[in-house]
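A.B. asks: here's my sequence, what's the structure:
(chains A and B)
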Amino acid sequence: MASLAQELSAAAGAAFEAVGLEARFGDVRRSDKPELADFQCNGAMAAAKLAGRNPREIAGEIAAALKVHPLVLSAEVAGPGFINLRVSDGALSTRAEAVRGDAMAGAEKAADAQVTVIDFGGANVAKPMHVGHLRSAVIGDTLQRLLRFLGDTVISDVHLGDWGLQMGHLVTELEDEQPGLVYFDAGFTGPYPAQSPVTIEDLGRLYPQASNKAKADEARNERSQKAVAEMQAGRAGYRALLRHFIDVSVEALKVDYGFLNVSFDLWKGESDVDHLIADLVERFKTAGLAEQSDGAWIVHVAKESDKKEMPPVMLVNSRGGTGYHTTDLATIEDRMATLKPAPERMLYVVDQRQALHFEQVYRAAGLLGLIEEARLEHIGFGTVNGPDGKPFKTREGGVLRLADLNAMALDEATKKIEAAGKLPEDMGEDERLAVARQVAVAALRFSDLMNTRMTNYVFDLDRFTSFEGKTGPYLLYAAVRVKSVLRKAAEAGHLPGAVSVHEEAERALVLQLDGFGGALLGSREKRMPHILCEHLYSLAQAFSAFYGALPIASEPDAGKRASRLALADAVRHQLETGLGLLGITVPERM
RNA sequence: GACUCCGUAGCUCAGCUGGAUAGAGCGCUCGCCUUCUAAGCGAGUGGUCGCAGGUUCAAAUCCUGCCGGGGUCGCCA
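C.D. replies: All right, here's what the predicted structure looks like:
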């Protein structure tokens, strides 16, 4: 559904064209001077420069054309050539009703919907997730929700790290602890037991144990390397162990992701594309793209136009093993071959430090013709740092596990809810826990998503579990308050009716509602969830101001009351829809 | 050294396809619960937009150089 801003832009664009100028100058935005105007158009000044004309004169012509538009109350030229627009109360009323009744809460689908794979999560087998994993999880999940909402066909894939040196560490360390297991008997012909010989706790212990030994002892490291090579070469016992490691890990990962409302369509991993690697490597060789260097097979991906040094892709290392360059390439091939419909775009929501890696992989994929390079996008993000500007560590110097962060947020939310004492006495324990979880998830997801994607940010536990100010719980609170007002009004027999906007607070609220679609499309185009966060926060603020300034359910005049209830309902609808895209659900009470 | 991200209020950050007195939150100071959830609202406090040039009628925004910080730069992923 077209917004007022879009309709005005179209009208202004047509006016520019009518005087022989480009329609793009007609871009109309919310005014940054609410006391002067509802909307503004600044295009006359840029247009005047190009046309060599007087900007005020052009602005005057555009304003004159806009004055007769049905939505427009007034159109005036100010300063060097700003066009200030006021829309009529009737136009705002109609718009509010449209938002309230629209399945997309006033937004429009993207014009260029695409089949899009989103690769995010960054989880590894046997390694518990830490706070650094929060970003990829919530940014990726929000993008998948957002893109789906706007019409893209999305396939999400966790793309587990299950094929590297860590597997060698695990296998060898387990062999040291339990050498008698059948998995280590090269002569065993199977079948292997269905029950895993290790638990997630075992894995959490074995990995750091082995990793530390390997760092200190080169021979120990070599053993792990050798085990990886054997596993990759197909040693059955090792493969069977890998299957157990993955299954046990995925079960644990689903708990942490599930808490945060993060989900994936595919739980594939690097190991799933192993069968494609030999052929892929061969094709790079026969195409003349791969060459030998220092015992390894590499692919040169540098271009003449490069300003920076571009190291080659490591296709096969000097020990005959393959790393994540190769598995990433094989994964692209696998997705193109097996997913229906075939992907038109792939987004990788991974730490910005991987930028060079992805650029290399994308170039190599383009060279071999797996997919056009430009269809692969790295959605990088900054690291989560401690107060000292370095990657976050706990006071004890260790990393903070995501599971612990989740638990801390839940604990804070529980305390806060009890202190507020607004839940009904008869609410059961399960329901209270569910509300606490909703508040905790809102706090965690919003505090991450509100940050601009690219910048590093300082992790501050107090801020992540804070419930006041620009936080997820503030938004939930606003939404819950709307629901509460609507519920009580309905109980008293008062229902929303026709909208008739008059007051300043009402106008401001509708103008804010009008910006939803633009915020969504902007978030999608830039892959920046914080744009949506900003919109929803401003909407919650506008509602809170409206709520404070005017009676809603308690308004004595029946017509005004019905109108304000309808406005409140439009806000509820858009807030719930928008928060849903952030992976945040709204309780009935809190 | 090359490339990349960043430098805006005491703190954490928006704004950067150039536009009108640079915005939030936290903090601090006031005021507001006998009417709809005060996790709230209103008012105030607080800024040489890293520095220096340049382009422009107009620069936090574009260009150049410098200073400061994070990150990456072929066999862990």
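A.B. asks: against RNA strand B, how distant is A:Gly79?
C.D. replies: As for A:Gly79, its distance to RNA strand B is 4 Å (criterion: C-beta to the nearest atom of the strand, to the nearest Å). No exception for glycine: its C-beta is placed from N, CA and C like everyone else's.
A.B. asks: A:Ser544 now?
C.D. replies: Counting by C-beta to the nearest atom of the strand, the gap from A:Ser544 to RNA strand B is 3 Å.
A.B. asks: the nearest residue to that residue once chain neighbours are set aside: how many residues sit nearby?
C.D. replies: Leaving out its chain neighbours, the residue that sits closest to A:Ser544 by C-beta to C-beta, 6 or more residues apart in numbering is A:Ala478, at 5.9 Å. A total of 24 residues lie near A:Ala478 under the criterion other C-beta atoms under 10 Å.
A.B. asks: now do the one 3 residues further on
C.D. replies: Residues near A:Arg481, counting by other C-beta under 10 Å, number 17.
A.B. asks: can I assume it sits in a strand?
C.D. replies: No. A:Arg481: not assigned to a strand; according to DSSP: H, G, I helix; E, B strand; the rest coil it is helix.
A.B. asks: surely it and A:Ile552 touch.
C.D. replies: No. Using C-beta atoms under 8 Å, A:Arg481 is not in contact with A:Ile552; the gap is 10.1 Å.
A.B. asks: next up, the contacts around A:Leu581.
C.D. replies: A:Thr142, A:Arg145, A:Leu146, A:Phe149, A:Leu520, A:Leu532 (C-beta atoms under 8 Å, 6 or more residues apart in numbering).
A.B. asks: can you tell me how far it is from A:Val313?
C.D. replies: Taking C-beta to C-beta, to the nearest Å as the measure, A:Leu581 falls 36 Å from A:Val313.
A.B. asks: give me the contact list for stretch A:22-35.
C.D. replies: Residues contacting stretch A:22-35 (C-beta under 8 Å, 6+ apart): A:5, A:8-17, A:37-44, A:46-47, A:62, A:84-85, A:508, A:511, A:514-515.
A.B. asks: just those that are near RNA strand B?
C.D. replies: A:Ala37, A:Gln40, A:Asn42, A:Ala46, A:Asn84 (C-beta under 7 Å from any atom of the strand).
A.B. asks: looking at those residues, which is nearest A:Ala342?
C.D. replies: A:Ala46 (41.2 Å; C-beta to C-beta).
A.B. asks: spatially nearest residue to that closest one, not counting backbone neighbours?
C.D. replies: Closest to A:Ala46 by C-beta to C-beta, 6+ apart is A:Phe25, at 6.1 Å.
A.B. asks: per-residue confidence for the one you found?
C.D. replies: In this model, A:Phe25 is scored at 95, pLDDT.
A.B. asks: then A:Glu396?
C.D. replies: If you check A:Glu396, the pLDDT there is 64.
A.B. asks: any idea how far the residue most central in space within chain A lies from RNA strand B?
C.D. replies: Centroid-nearest residue in chain A: A:Ile139, 2.6 Å away (criterion: C-alpha atoms, centre = their mean). The gap separating A:Ile139 from RNA strand B is 13 Å, by C-beta to the nearest atom of the strand.
A.B. asks: sorry, back to before: got TSV for the contacts of A:Leu581, with distance to RNA strand B too?
C.D. replies: Shown next, in TSV, are these (distance: C-beta to the nearest atom of the strand, whole Å):
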residue	distance to RNA strand B
A:Thr142	16
A:Arg145	20
A:Leu146	16
A:Phe149	21
A:Leu520	15
A:Leu532	11
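A.B. asks: now, among those, which is nearest to A:Gln166?
C.D. replies: Closest to A:Gln166, out of all of the contacts of A:Leu581 and judged by C-beta to C-beta, is A:Thr142, at 28.4 Å.
A.B. asks: SS state for the closest one?
C.D. replies: With three-state DSSP as the basis, A:Thr142 sits in helix.
A.B. asks: and it, how many neighbours?
C.D. replies: Quick note: A:Thr142 (other C-beta under 10 Å) scores 27 neighbours.
A.B. asks: residues in contact with it?
C.D. replies: A:Arg445, A:Leu449, A:Pro529, A:Leu532, A:Leu581, A:Leu582, A:Gly583.
A.B. asks: can I get the residues you listed in a markdown table including secondary structure?
C.D. replies: Conversion of the contacts of A:Thr142 to a markdown table gives the following (three-state DSSP):
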| residue | secondary structure |
| --- | --- |
| A:Arg445 | helix |
| A:Leu449 | helix |
| A:Pro529 | helix |
| A:Leu532 | helix |
| A:Leu581 | helix |
| A:Leu582 | coil |
| A:Gly583 | coil |
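A.B. asks: for A:Gly79, state which of these is nearest.
C.D. replies: Out of those, the member with the shortest distance to A:Gly79 (by C-beta to C-beta) is A:Leu532, at 31.7 Å.
A.B. asks: what sits closest to the closest one if chain neighbours are left out?
C.D. replies: Using C-beta to C-beta, 6+ apart, the nearest residue to A:Leu532 is A:Ser523, at 4.5 Å.
A.B. asks: the one you found contacts A:Leu536, doesn't it?
C.D. replies: No. Shown here, A:Ser523 and A:Leu536 do not form a contact pair, counting by C-beta under 8 Å, at 10.7 Å.
A.B. asks: the residue of the stretch 151-300 of chain A found nearest RNA strand B: neighbour count?
C.D. replies: Closest residue of the stretch 151-300 of chain A to RNA strand B, C-beta to the nearest atom of the strand: A:Gly164 (2.4 Å). Residue neighbour count, defined by other C-beta under 10 Å, stands at 19 for A:Gly164.
A.B. asks: for the stretch 201-350 of chain A, what spans make up the strands?
C.D. replies: For the stretch 201-350 of chain A, the strands defined by DSSP state E, counting those that start in this stretch cover A:290-293, A:296-299, A:313-316, A:345-349.
A.B. asks: neighbouring contacts of the third one?
C.D. replies: Just to be clear, that refers to strand A:313-316. A:281, A:284, A:290, A:296-299, A:301, A:322-323, A:325-326, A:329, A:360-361, A:363-364.
A.B. asks: and it, how far from the chain's centre?
C.D. replies: Put simply, strand A:313-316 sits 31 Å off its chain's centre (C-alpha atoms, centre = their mean, to the nearest Å).
A.B. asks: and for the last one?
C.D. replies: On the basis of C-alpha atoms, centre = their mean, the separation between the geometric centre of strand A:345-349 and that of its chain is 11 Å.
A.B. asks: give the buried residues for whichever helix or strand comes after that strand.
C.D. replies: The element immediately downstream of strand A:345-349 (helix or strand, assigned by DSSP states H and E) is helix A:355-368. The neighbour-count check on helix A:355-368 (16 or more other C-beta atoms under 10 Å) flags A:His357, A:Phe358, A:Glu359, A:Gln360, A:Val361, A:Tyr362, A:Arg363, A:Ala364, A:Ala365, A:Gly366, A:Leu367, A:Leu368 as buried.
A.B. asks: within reach of RNA strand B, which of those residues are there?
C.D. replies: A:His357.
A.B. asks: what is the nearest of the buried residues of helix A:355-368 to RNA strand B?
C.D. replies: Closest approach between these and RNA strand B, by C-beta to the nearest atom of the strand: A:His357, at 6.4 Å.
A.B. asks: can you tell me the strand partners of the helix or strand bottoming out on mean pLDDT in chain A and which way each runs?
C.D. replies: Using mean pLDDT, DSSP states H and E, strand A:457-458 stands out as the lowest-scoring helix or strand of chain A, at a mean of 76. According to DSSP bridges, strand A:457-458 forms sheet pairs with strand A:384-385 (parallel).
A.B. asks: what about the strand it pairs with, distance to the chain center?
C.D. replies: 18 Å.
A.B. asks: so which residues make contact with that strand?
C.D. replies: Taking C-beta under 8 Å, 6+ apart as the rule, strand A:384-385 contacts A:Val131, A:Gly132, A:Leu134, A:Arg135, A:Pro391, A:Phe392, A:Asn456, A:Tyr457, A:Val458, A:Phe459.
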